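K.L.:
Need a 3D model of the following:
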Amino acid sequence: MCFIHGLRTTELRSLRLQDVDLAGNRLNVSRLKNGFSVQHPIQPHEKAAILA
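P.N.:
Below is the predicted model of the structure:
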């Protein structure tokens with residue numbers, strides 16, 4: 001998922017459980033470099049991997 005969504009290592013480390021919205025298929029990422037938050041869609045195969 002890190003490569004698909006282009007996450008930086010610091011962004012990955014700062015992810016919390018509440019940043020993953022499985023019901024809405026969204027990943028909320030706080031962009032540390034510019035201070036903005038972005039939402040990435042969670043693809044079906046990514047959701048399956050998270051739930052595995």
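
K.L.:
show me where this structure has strands.
P.N.:
Using DSSP state E, the strands of the chain run over 20-21, 26-30, 37-41.

K.L.:
nearest to residue 8, of the ones you listed?
P.N.:
Smallest distance to residue 8 across the strands of the chain (Cβ to Cβ): 9.3 Å, for strand 26-30. C-beta coordinates here come from the backbone N, C-alpha and C atoms, glycine included.

K.L.:
Tell me what residue 30 is bridged to.
P.N.:
Using DSSP bridges, the bridge partners assigned to residue 30 are residue 37.

K.L.:
so it makes contact with residue 37?
P.N.:
Yes. Counting by Cβ atoms under 8 Å, residue 30 touches residue 37, with 5.0 Å between them.

K.L.:
ok, the two, which is more surrounded?
P.N.:
Neighbour count, other Cβ atoms under 10 Å: between residue 30 and residue 37, residue 30 has more, with 14 against 9.

K.L.:
about what we covered before: could you say which of the strands of the chain is packed most deeply?
P.N.:
The highest average neighbour count among the strands of the chain, using mean count of other Cβ atoms under 10 Å, belongs to strand 26-30 at a mean of 17.

K.L.:
Excluding chain neighbours, give the residue nearest to residue 11 in space.
P.N.:
residue 29 (5.5 Å; Cβ to Cβ, 6 or more residues apart in numbering).

K.L.:
residues in contact with the one you found?
P.N.:
By Cβ atoms under 8 Å, 6 or more residues apart in numbering, the contact set of residue 29 is 5, 7, 11, 15, 19, 37-40.

K.L.:
List of residues touching stretch 7-18?
P.N.:
With Cβ under 8 Å, 6+ apart as the test, stretch 7-18 has contacts from 1-2, 27, 29-33.
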